[in-house]
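**Student:** Can you look at this prediction? I've put the sequence above it.
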Amino acid sequence: MRVSVITDFFQSINDLGSMVVIPIMIAIVGLIFRLNILKAIRAGIMVGIGLIGLNLILTLIWDYVGPVTTILVDRFNLNLSVVDAGWPAAAGVAFATKVGAIIIPFVIVVNLLLLVTKLTKTVNIDIWNYWHYAFTGAIVMTFTGSYVYGLTAAAAHCIISLKMADISARRVQSELGLPGISIPQGFAISTVPVYMLLDKLYDRIPFLKKRKIDSEMINSKLGILGEPLMIGLVLGIIIGIVIGYDFKQTMELAIAMSALMLLLPRMVKVIMEGLVPISSAAQKFMEKRFKGSEFFIGLDSAVLLGHPTTITVGILLIPITLVLAMIIPTNTTLPFGDLAATAFFISMATPIHRGDFVRTLLSGTIIMAIVLVIASIFAPIITQTAVETGFAFPDGASEITALSAGNFVALIISKLMELKIFGLIIVAAIVGAVIYVSNLFMKKQAVAPTNDDSEVQ
């Protein structure tokens, strides 16, 4: 009965939606750090307004880019056996399991334990994306038949997320101009080690090492044509022509792309306006009570989509992903549900590559290839879990997956946990190693210069 009451309480919170809960949580965080009550409320409202604006603008992706992806899928004539049902399907399946039922209070407790023991600096308030942890736990529970193993797997994914959020926070804050935040979103953090390794590799390639092609450079070279809204206009026109739109449809797509490129950064600035007083209050609070301590607010990776490089590369990755789906031998996934959201898959590439367009595009192509392979590997178990939870399959689909489930952290944990107790020991060792290495990394960051080139070593 008590467990049921707790789960019902957190489910009711989840049902309120981000429009209500995020402003409340931001205000509560502000009050904890002794911010004036009216300023705390204002900060929460500003962040909420920014997120509402962000979601409204992202609707442009689904309204205008969504039909484009459908046409491209038809044009590529892909004949693949597994349908990408998208993140809503993966999240719905994950939350419908026994692990998903208690994932919100469970992750909050794990996060608090790490904060108390000073093993993380991130407070993850992005509760809707806890589904990534629930997904990992649900897959493991299906594999092993053990609820305990499922919760352990979810905890492992959560801890790794918090540590990756910590080590990437400085670069995110610097590149996006968002003080005091980090990104613990379950998929985004799985790309951090990949992008860091690739960034090191690019530093050894002469063309990539000596040149930086970012939005500022493009703007300086092309003038007005290099502005984000003009880039969006040109991209929209090119895509409209390629897929065979008439003049009206092409121009509607072009204007929508321009709006996307112009308005997303402005909504991120609104979010920043709300976060600045919280960040300042947290810094003063921590400095007064814990010398040298930092505190990060863990947000959804959607706040990273305000960077022009991210959106531009995200749009270009749509046809690239379809080509990859055709040529990767082991791929069985038909990209569809998550195809219009490719910008989310490279959201962490932009800050780690310091806004460089070429590096982000190369890394995005590599990560989408990895995503397709992992999504295909997960397809049978996702299908099985979906059947067990009563999920309604898309029309004509006998097997489903989700690109957003193409997460190598979830894959490694779930495959190891198939070994049960032996796998549990290995996963614990991996989590311990991640904590140890990330702490060393954070110490190195603390003594490094604050310029861009030294933030990610």
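**Tutor:** Received, thanks.

**Student:** how many neighbours does Ala375 have?
**Tutor:** Neighbours of Ala375 under the rule other Cβ atoms under 10 Å: 28. The way it works is simple: take the backbone N, C-alpha and C, and place the C-beta from them, glycine included.

**Student:** which residues in the stretch 251-400 of the chain form helices?
**Tutor:** Taking DSSP state H, counting those that start in this stretch as the test, the helices found in the stretch 251-400 of the chain are 308-327, 342-345, 349-352, 357-388.

**Student:** And the third one, what does it pack against?
**Tutor:** Meaning helix 349-352. The contact analysis (3 or more Cβ pairs under 8 Å, 6 or more residues apart in numbering; DSSP states H and E) places helix 349-352 against helix 147-176, helix 188-202, helix 308-327, helix 357-388.

**Student:** now the ones you listed in JSON lines, with mean pLDDT and distance to Gly423?
**Tutor:** JSON lines is the format used below for the helices and strands packed on helix 349-352 (pLDDT from 0 to 100; distance: least, Cβ to Cβ, whole Å):
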{"stretch": "helix 147-176", "mean pLDDT": "94", "distance to Gly423": "8"}
{"stretch": "helix 188-202", "mean pLDDT": "94", "distance to Gly423": "19"}
{"stretch": "helix 308-327", "mean pLDDT": "89", "distance to Gly423": "30"}
{"stretch": "helix 357-388", "mean pLDDT": "92", "distance to Gly423": "15"}
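
**Student:** Going along the chain, name the strands of the protein.
**Tutor:** Along the chain, the segments classed as strands by DSSP state E run 82-84, 122-124, 181-182, 296-298, 333-334, 400-401.

**Student:** ok now the second one, how far from the chain's centre?
**Tutor:** Same thing as strand 122-124. 14 Å (Cα atoms, centre = their mean, to the nearest Å).

**Student:** Mind putting the helices and strands packed on helix 349-352 into a markdown table with distance to Gly92?
**Tutor:** Formatted as a markdown table, those follow (distance: least, Cβ to Cβ, whole Å):
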| stretch | distance to Gly92 |
| --- | --- |
| helix 147-176 | 17 |
| helix 188-202 | 20 |
| helix 308-327 | 23 |
| helix 357-388 | 9 |
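
**Student:** Out of those, the one nearest Gly244 is which?
**Tutor:** helix 308-327 (14.1 Å; Cβ to Cβ).

**Student:** What residues sit buried inside the closest one?
**Tutor:** Neighbour counts over helix 308-327 (16 or more other Cβ atoms under 10 Å) mark 308-322, 324-325 as buried.

**Student:** Report the central residue of this protein.
**Tutor:** What sits nearest the mean C-alpha location of the chain, by Cα atoms, centre = their mean, is Ala188, with 3.6 Å.

**Student:** Contact partners for the nearest residue to that residue once chain neighbours are set aside?
**Tutor:** Leaving aside its sequence neighbours, Ala188 sits nearest to Ser301 (Cβ to Cβ, 6 or more residues apart in numbering; 4.1 Å). The contact partners of Ser301, taken as Cβ atoms under 8 Å, 6 or more residues apart in numbering, are Ile183, Gln185, Phe187, Ala188, Phe344, Ser347, Met348.
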